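> sharing a model that was predicted from the sequence below.
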Amino acid sequence: MDLTELVEAIRASDDVVAVGGRTHWEVGGPASPTATQVRAPSGVVTYDPADLTVTVAAGTPVGELAAVLAASNQECALDPRSDDATVGGVLAVGLSGHRRLRYGPLRDRVLEVRFVTADGRVVKGGGPTVKNVSGFDLPRMMVGSLGTIGVLVQVILRCQPRPATAEWSVTDLDPFEVRRRTYRPSCIAWDGRRTHLLVEGVAADVAAERNAAGAEPAASGPDWPTAAHRGRISVRPRALGEIAADLDRTGVAWLAEVGVGTIHVAAGAEHQLAAARAVAETHGGWLLRVAGAPDIDGFGRALPNLALQARLAAAFDPDGKLGRGRLPLAPSPIAADGTPAHV
């Protein structure tokens, strides 16, 4: 739908959920089954390769954006598992891709956002320049909000030159030793048995890094865990070595991003994913449900920023009509005059 239709749909409904490519539809809490579904516009709005920025409608598939940027030998490191994912959907879900070790978290890609609020206003936050510091940091706040603050309609993203060479290799060397031996790898993925290394850059440097890790070139990267029930564990990076044996005992398949603290897990049975969550919490982390497991909570233990999230929800969507059910929101006190009280 175009922007006018989207605004009118949001104003007319008291229960709204934004829909993208549905590649991350099950992440977190389930959306209200009776919600009015809205879709952001699609298409690349403006792109100037010399500025290393691109303005793109939020409903644009990531694969379509990647093709436009590739024509100028550039990219934007969104890195979803599927090119069918939309730009707005990737940002709303907030799951950084497998190259976070080198390029940083997903929120670092976003310079400006335009979104529609619960009362139908179009709001802009951020700016097209990398060092813009005016106003509140709405772009970063929107990343991972699961559509509960507003419906993304357009963003300005930071681009970068595509690496001359990108190579996966594999080694039996301890993954933490691989981290010590290599300089700015894009990904070190470890499944408890072998270490998979992604290095990008000039071909000679890529080869030198591979040799330093004692690795052999691989035709492709690792197999990311897949099964009916999937989750994403976040722990302190140094805890990965401690958690591995405990995860093995749950029977889940897992793949850890060394240096990042993210572990992707997949299970054939729901109780196994629940057991993996218990392991994560024992080690001071938490597990976000990514798919399946309808009978377990999307987030698990209470999130540490629930009070802040409640204040944001009360300020931007006091009636709670956007993305109802997607995030676990603590009750937000309302003052006598109808304004959100401080939590």
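Happy to help now that I have it.
> output stretch 276-284 as CSV, nothing but the C-alphas.
Below are the C-alpha coordinates for stretch 276-284, written out as CSV (Å, rounded to 0.1, in the frame of the first residue of the first chain):
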residue,chain,number,x,y,z
ALA,A,276,18.3,-24.5,25.8
ARG,A,277,16.7,-21.4,27.3
ALA,A,278,17.3,-22.7,30.8
VAL,A,279,21.0,-23.2,29.9
ALA,A,280,21.3,-19.7,28.5
GLU,A,281,19.7,-18.2,31.7
THR,A,282,22.0,-20.3,33.9
HIS,A,283,25.0,-18.7,32.1
GLY,A,284,23.6,-15.2,32.5
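> now do that stretch: distance to the chain's middle.
21 Å (CA atoms, centre = their mean, to the nearest Å).
> kindly report the same for stretch 116-125.
22 Å.
> beta partners of Gly74?
Actually, residue 74 is Gln rather than Gly. Judged by DSSP bridges, the bridge partners of Gln74 are Pro161.
> mind starting the numbering at 56 from now?
Right, with 56 as the first residue, what we last looked at is Gln129.
> OK, contacts around it?
Pro104, Leu107, Cys214, Gln215, Pro216, Arg217 (CB atoms under 8 Å, 6 or more residues apart in numbering). The way it works is simple: take the backbone N, C-alpha and C, and place the C-beta from them, glycine included.
> surely the third one meets Asp103?
No - using CB atoms under 8 Å, Cys214 and Asp103 do not qualify as a contacting pair, with a distance of 9.6 Å.
> which of the two has more neighbours?
Comparing Cys214 with Asp103 by other CB atoms under 10 Å, the one with more neighbours is Cys214, at 20 against 12.
> contacts for stretch 263-282?
Residues contacting stretch 263-282 (CB under 8 Å, 6+ apart): 136, 153, 222-226, 228, 233, 236-238, 240, 242, 244, 246, 250-254, 307-310, 319-323, 347.
> surely Ala329 is in a helix?
Yes - the assignment for Ala329 (DSSP: H, G, I helix; E, B strand; the rest coil) places it in a helix.
> for it, give its distance to Arg176.
Distance of Ala329 to Arg176, given as CB to CB, to the nearest Å: 41 Å.
> more neighbours: those two, which one.
Ala329 (20 against 12).
> contacting residues for that one?
Ala329 neighbours (CB under 8 Å, 6+ apart): Ala348, Ile351.
> and if we set it to 7 Å?
Contact analysis of Ala329 by CB atoms under 7 Å, 6 or more residues apart in numbering lists Ile351.
> for the stretch 106-255 of the chain, which segments count as strands?
For the stretch 106-255 of the chain, the strands defined by DSSP state E, counting those that start in this stretch occupy 108-112, 129-130, 165-171, 177-181, 206-213, 215-216, 220-226, 242-245, 250-256.
> could you dump the last one to CSV, C-alpha only?
Coordinates of each C-alpha in strand 250-256 appear next as CSV, following Å, rounded to 0.1, in the frame of the first residue of the first chain:
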residue,chain,number,x,y,z
THR,A,250,35.6,-23.5,13.3
HIS,A,251,34.3,-21.7,10.3
LEU,A,252,36.1,-18.4,9.3
LEU,A,253,34.8,-15.7,7.0
VAL,A,254,37.4,-13.1,5.9
GLU,A,255,36.8,-10.3,3.5
GLY,A,256,39.2,-7.9,1.8
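> quick one, that strand and strand 220-226 angle?
On the basis of axes from the mean of the first three to the mean of the last three CA atoms, to 10 degrees, strand 250-256 is oriented at 160 degrees to strand 220-226.
> right, I'll call it a day here.
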